[in-house]
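[1] below are the sequence and a predicted model; questions follow.
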Amino acid sequence: MTTIESNIIFDIKDLNLYYGDKIALKQINLAIHEKEVTALIGPSGCGKSTFLRTLNRMNDLIPSCKIDGDVHYSDENIYRNGMDIIGLRKRVGMVFQKPNPFPMSIYDNITYGPKCQGIKDKKELKEIVESSLKQAALWDEVKDRLKESALSLSGGQQQRLCIARTIAMKPEVILMDEPTSALDPVATAKIEDLVIELKKQYTIIIVTHNMQQAARISDKTAFFLLGEIIEYGDTSHIFSTPDHKKTEEYITGRFG
Amino acid sequence: MTLRQSLLQSIEALKKEVTDMADLALANLREGLTAFKNSDHKLANEVIRKDDEVDSYEEEIAKMALKIIWKEQPVASDLRLVTGILKLITDLERIGDHACDIAEMTLHLEENRNKRMLPLTSKMAEIVDDMVLSSIQALVKVDGDLARKVIDKDDEVDELFQQLINKMTNELKNEAIDPNDAIYILMVGKYFERVGDHAVNIAQWIIFMVSGTHKNTLLF
């Protein structure tokens, strides 16, 4: 078997995370590769979403949360003092479980972030809207109704709008926390196709409860259990001949 | 608690069915060998009649395996087991076919005409019987080590078949055997040799079930 090693974009070393006295992530060591899709799988409460949120410091919003260890992103420890967190979240965008468009027009949803960044030129904003919606495979469906409310879109369209809104900030990494769990099968298939398309330009890290989804769209898979990474490797390896008994038992449904 | 009861039950049912098929193929092979050894035409006809049963097992197991794949979408060891079974039932069916072929050859041979070749063919029969039995045991236990032992035995069968060819050639040169009998006995020898090959194929799929590797190639 040959594996072409791409560049490491996130290098996590000895990461521990605590909610108050309770340890939620234990000794996480993981290297995430650029322009690949990495799936995080594991039973509920295993720490996968918590881990995802450490990658753009979303856990900072939880007062009892404490972290030790290193999270290196492009050779920079994002937990160092004086880290530009707003800049980090611009480069490491996030899409959530439930589509959460702003209650404003489709056009304004996309331009909200760039405007906050100081972009005022209408032509430039228009270009950002078009290119973001095209990349999110939504342009053809909404190009004639950009001034309509984003809330008028279907759930699947709203989720693709949220992806377009993330793309508008020109990120390097997109974190996705169960992005299809609230969607129907057709909308799910569209998001999955989109993820595969987007990895040409972006690094994608996705939490999913759907094992088939992880198998379909990811290059690497990390299996979490009780706050630890039990096994991490090529998705083809994890789903065919996993090394660890617990991984085998989880993916074959012996426990959940 | 196990989450996927229906997957586990389907897999158990599949394993039972393939074991039954293997038992039947081995029983037919043994009866074919006995018929050949004893020039027992009645038993030979019985073996020929029973070949349809082995064939229908193959179809039934293929249906069960495909149903597990579309319905349960198995992964890891479950996927390797189901796909391995889907592949090795072809070899079990062929073993059944060759039992039938040996029985047919028996019908062509007059009583006592094959006696002089019996030491060689009996030895071949003994080894292939052991190989098929061991491959079935390896299948039931999903035992890679036992499967490897089956593969190692194949050279002995090939060597005995070569000896049979040499012996037949000499007998024919010396006009010591009826050419028709020589052809039928050689064909029986060839069927033994092929049964050994099918036992090896089964063993290779068992190794795949254990490791994901088939003939030293990782298939995933």
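    Ah, there it is.
[2] what about residue A:100, neighbour count?
    Residue A:100 has 13 neighbours, counted by other C-beta atoms under 10 Å in any protein chain shown. In this view, the C-beta of every residue, glycine as well, is placed from N, C-alpha and C.
[3] how near is residue B:108 to chain A?
    With the distance defined as C-beta to the nearest C-beta, to the nearest Å, residue B:108 ends up 48 Å from chain A.
[4] wait, what's in contact with that residue?
    When the contact criterion is C-beta atoms under 8 Å, 6 or more residues apart in numbering or on different chains, the partners of residue B:108 are B:180, B:184.
[5] now do it against residue B:169, distance only.
    Remark: distance between residue B:108 and residue B:169 (C-beta to C-beta, to the nearest Å) = 20 Å.
[6] and the residue nearest the centre of chain A, which of the three is it?
    By C-alpha atoms, centre = their mean, the mean C-alpha position of chain A lies nearest to residue A:175, the distance being 1.5 Å. Using DSSP: H, G, I helix; E, B strand; the rest coil, the three-state assignment for residue A:175 comes out as strand.
[7] and what of the one 5 residues further on?
    Under the three-state scheme (three-state DSSP), residue A:180 adopts coil.
[8] burial count for the residue nearest to it when sequence neighbours are not counted?
    By the measure of C-beta to C-beta, 6 or more residues apart in numbering or on different chains, the closest residue to residue A:180 outside its immediate chain neighbours is residue A:188, 4.1 Å from it. Other residues within reach of residue A:188 by the criterion other C-beta under 10 Å amount to 18.
[9] need the contact list for residue A:188.
    Counting by C-beta under 8 Å, 6+ apart, residue A:188 touches A:156, A:180, A:213.
[10] repeat that for residue A:14.
    Counting by C-beta under 8 Å, 6+ apart, residue A:14 makes contact with A:27-29, A:68-70.
[11] apply 6 Å and report the result again.
    Residue A:14 makes contact with A:27, A:69, according to C-beta atoms under 6 Å, 6 or more residues apart in numbering or on different chains.
[12] part of a helix, is it?
    No: Residue A:14 is assigned strand when assessed by three-state DSSP, not a helix.
[13] next, give phi and psi for the closest residue to the residue nearest to the centre of chain A other than its chain neighbours.
    Nearest non-adjacent residue to residue A:175, counting by C-beta to C-beta, 6+ apart: residue A:94, 4.5 Å away. Here is the backbone geometry of residue A:94 (degrees, to the nearest 10): phi -140, psi 140.
[14] now swap in residue B:219 and tell me
    Backbone torsions for residue B:219, taken as degrees, to the nearest 10, come to phi -90, psi 0.
[15] that one: neighbour count?
    Applying other C-beta under 10 Å, we find 13 residues neighbouring residue B:219.
[16] cool, residue A:249 as well?
    By other C-beta under 10 Å, 18 other residues sit near residue A:249.
[17] quick one: average pLDDT of the helix or strand that contains it?
    Using DSSP states H and E, residue A:249 maps to helix A:245-251. The average pLDDT within helix A:245-251 is 96.
[18] quick one: is that helix near chain B?
    Yes: Helix A:245-251 lies within reach of chain B by C-beta under 6 Å from any C-beta of the partner chain, at A:248, A:251.
[19] quick one: list the elements packing against the one helix or strand residue B:208 maps to.
    If you go by DSSP H and E, residue B:208 is part of helix B:179-211. Contact analysis of helix B:179-211 by 3 or more C-beta pairs under 6 Å, 6 or more residues apart in numbering or on different chains; DSSP states H and E lists helix B:76-108, helix B:118-141, helix B:144-173 as its packing neighbours.
[20] list the buried residues of it.
    Judged by neighbour count (16 or more other C-beta atoms under 10 Å in any protein chain shown), helix B:179-211 contains these buried residues: B:181-182, B:184-186, B:188-210.
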